[in-house]
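1. Fold the following.
(2 chains)
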Protein chains: 2
Amino acid sequence: MPDFPAIEQIRAAARRIKPLVHRTPLLTCKSLDQLCGANLYFKCENFQKVGAFKARGATNVVYSLGEKDLERGVATHSSGNHGAALAYAARCRGARAYVVMPDNASPVKIAAVQGYGAEVIYSESTQQAREAALDEVVNRTGALFIHPYNDYRIIAGQATAALEMIEQVSNLDAVIAPVGGGGLLSGTALAVSALRPQVSVYGAEPAGADDAFRSLQAGYIIPSEKPDTIADGLRTSLGDLTFPIIQKHVTAIVTVSEGSIVEAMRLVWERMKIVIEPSSAVALAPLLTGSDGIKGTKIGLIVSGGNVNLDNLPWQA
Amino acid sequence: MPDFPAIEQIRAAARRIKPLVHRTPLLTCKSLDQLCGANLYFKCENFQKVGAFKARGATNVVYSLGEKDLERGVATHSSGNHGAALAYAARCRGARAYVVMPDNASPVKIAAVQGYGAEVIYSESTQQAREAALDEVVNRTGALFIHPYNDYRIIAGQATAALEMIEQVSNLDAVIAPVGGGGLLSGTALAVSALRPQVSVYGAEPAGADDAFRSLQAGYIIPSEKPDTIADGLRTSLGDLTFPIIQKHVTAIVTVSEGSIVEAMRLVWERMKIVIEPSSAVALAPLLTGSDGIKGTKIGLIVSGGNVNLDNLPWQA
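-> Numbering: from 1, shown residues only, chains lettered A, B, ... in the order given. This next block holds a predicted model:
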């Protein structure tokens, strides 16, 4: 196994993707600060291209490819943001993209991926069916499979959000990122530990999909079985590339209830007037209890994305 | 009648309120630009203090008061943003505020006004009952009634949003603001006509509350009767101070259907990931038809606010 991506690789990713992604704003909110008793800095990847941080990793991979690989095109399976991000990145570089999507995916998400010019291949929604459909596509087209998180180029790309955040605010005490497959969290941890080793990095995870918490406790990867959470971006399990980085550079994983995720999401919509998806709210949820440990501290939160189904909001039973 | 507020008074308002309000960002959105065929610049007063541009006018009035007036306190009747804004401004300056609210106002709005330290006086929701309750409060406490829009100090305060917008983007072709009582639109028109006389200013209004459109046609004020629109901030009628300014400096009032308001609101939430209220969407709605007349032009829109009831969104029948 090669070494973890170094800060030079993260900086190279930042230069590579700069023309293709937004330098997203770092927002603050006085009323949420008062509620938590801390100073919060929200890195707003909901304003990112395709509405999520995933644009960073996908563009880094696609713009890292040589001409030969590029001609083959890229493929993935995704019901969410990675598929749209890969389609976006491929279109930017004039490459073909194939995205396997479950046949029960929302029409809006399918239209988004198609809107970026990718070919959508439908499969049943089981993991097995999706992987079989992906294999078929790869065999038929010769396209390169781009994993959504278990890829150092993806990790280095996702790390650029934290890289920017560190430039946008000084003297942070801690950084929190949501953790699903671990691409965002491992990238965040690499950037922060390299440049601000005194800053603690935490992962936040739904209690109903707490594979990262349990894996860190056990010392080996324990995949999620039947994850149950509205934070649809966080139902995946850690990969063998993301896990060791998290083991080494993340202070702790905190788990949160579904109720606190919904409460945090709604508070951000109401107080900050921004649209964030449930996965993003997972990073704020642990702070709402206003624990004494965070009083007066400066905390950076990675807001992972803003793609939600406006017809079905979680506070509307 | 004194002269309209001059640009010097608008600049003075900007200096006066600077420590108390946000310089809100001017956002762009590529996908909405493509949809409309124009370049749109959204002045995001949904990110303003109290979640609406009303903070500008209210702070300008309260910080214009002499010590003697200040001791009397301020009062208004409002079920919406002006009440919260006046309460906020009064608290900032350490003055008492009294806000008459209809007894069927949402608990969230009542809590917001009380949260800023104002005393809430309940009345029945008819205009007559609210005015009677306000009279009673003013007689009892000696507080100064601060009108939500028919006041040159309010108009000069609201004008500061357009003043900032003009600094944030050059070479605009047109500016659109929603129109209810006309405080925002008249202020916008004064700032733009003074500093960018070549830029056209338009008002946007729900067809179900089109008193400004009809008043401009007639040449005299025709108040709204039974206004019927989800844009709750725009149900009021023009005042005798706002109307002449609009007559002189606004190119035209465009009216929009309820359906197009809902569509515009939803598009902004989905594409821009920001929470805006129906009144704000009224300014975007006329552009969605992608008429040839706006192709390639640069249009500034005033996003008036972001205070919505998240339990009752207009696309959820």
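
2. Just give me the neighbour total for the closest residue to chain B within the stretch 51-200 of chain A.
-> Here the stretch 51-200 of chain A gets closest to chain B at one residue, residue A:51, 6.4 Å apart by CB to the nearest CB. From N, CA and C alone the C-beta is placed, and that goes for glycine too. For residue A:51, the neighbour count with other CB atoms under 10 Å in any protein chain shown is 25.

3. for it, what are its contacts?
-> Applying CB atoms under 8 Å, 6 or more residues apart in numbering or on different chains to residue A:51 gives the contacts A:81, A:84, A:305, A:306, A:307, B:273.

4. Among the residues you listed, which one is most surrounded by other residues?
-> That'd be residue A:305 among these, by other CB under 10 Å, with 30 neighbours.

5. quick one: contacts of the helix or strand harbouring residue A:213?
-> Per DSSP states H and E, residue A:213 falls inside helix A:211-218. Applying CB under 8 Å, 6+ apart, the set of residues contacting helix A:211-218 from outside is A:179, A:182, A:185, A:203, A:205, A:221-224, A:227, A:237-238, A:243, A:246-247, A:250, A:252-255.

6. Restricted to strands, list those.
-> With DSSP state E as the criterion, strands contain A:203, A:205, A:252, A:253, A:254, A:255 from among the contacts of helix A:211-218.

7. near chain B, from those residues?
-> Among the ones in strands among the contacts of helix A:211-218, no residue is within reach of chain B (CB under 8 Å from any CB of the partner chain).

8. so how many other residues sit close to residue A:80?
-> Neighbours of residue A:80 (other CB under 10 Å): 23.

9. can you check the one 10 residues further on too?
-> For residue A:90, the neighbour count with other CB under 10 Å is 28.

10. and the gap between it and residue A:55?
-> 12 Å (CB to CB, to the nearest Å).

11. now residue A:142
-> 25 Å.

12. neighbour count winner among the two?
-> More crowded of residue A:142 and residue A:55, by other CB under 10 Å: residue A:55, with 28 against 13.

13. what's the closest non-adjacent residue to the more buried one?
-> Once flanking residues are discounted, residue A:55 sits nearest to residue A:49: 4.1 Å by CB to CB, 6 or more residues apart in numbering or on different chains.

14. Kindly report the same for residue A:228.
-> residue A:208 (4.1 Å).

15. Could you do residue A:51 as well?
-> residue A:307 (4.5 Å).

16. could you list every residue that touches that neighbour?
-> Taking CB under 8 Å, 6+ apart as the test, what residue A:307 contacts is A:50, A:51, A:52, A:80, A:81, A:109, A:277.

17. Verify the contact between residue A:44 and residue A:25 for me.
-> Yes - with contact defined as CB atoms under 8 Å, residue A:44 reaches residue A:25; the gap is 5.4 Å.

18. And the helices in the stretch 201-317 of chain A?
-> Counting by DSSP state H, counting those that start in this stretch, the stretch 201-317 of chain A has helices at residues A:211-218, A:242-249, A:258-267, A:278-284.

19. what does the stretch 51-200 of chain A give?
-> A:54-62, A:67-72, A:81-93, A:107-115, A:127-141, A:152-168, A:183-195.

20. What are the contacting residues of the fourth one?
-> Same thing as helix A:107-115. With contact meaning CB under 8 Å, 6+ apart, helix A:107-115 is reached by A:50, A:79, A:80, A:83, A:84, A:87, A:99, A:101, A:120, A:307, A:309.

21. Could you list the alpha-carbon positions for it in CSV?
-> C-alpha atoms of helix A:107-115 as CSV (Å, rounded to 0.1, in the frame of the first residue of the first chain):
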residue,chain,number,x,y,z
PRO,A,107,-36.3,11.4,-11.4
VAL,A,108,-34.6,14.6,-10.3
LYS,A,109,-31.3,12.9,-9.6
ILE,A,110,-31.4,10.9,-12.8
ALA,A,111,-32.1,14.1,-14.7
ALA,A,112,-29.2,15.8,-13.0
VAL,A,113,-26.8,13.1,-14.1
GLN,A,114,-28.1,13.0,-17.6
GLY,A,115,-28.1,16.8,-17.7
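
22. Relative to residue A:154, how far out is the most centrally placed residue in chain A?
-> For chain A, the residue nearest the mean C-alpha position is residue A:184 (4.7 Å; CA atoms, centre = their mean). Noted for residue A:184: a distance of 10 Å to residue A:154, by CB to CB.

23. ditto for residue A:16
-> From residue A:16 across to residue A:154, the span is 13 Å (CB to CB).

24. who's more crowded, those two?
-> For residue A:16 versus residue A:154, neighbours defined as other CB under 10 Å are more numerous around residue A:154 (32 against 20).

25. Could you verify my assumption that the more buried one touches residue A:62?
-> No - contact criterion CB under 8 Å: residue A:154 and residue A:62 do not qualify, at 10.7 Å.
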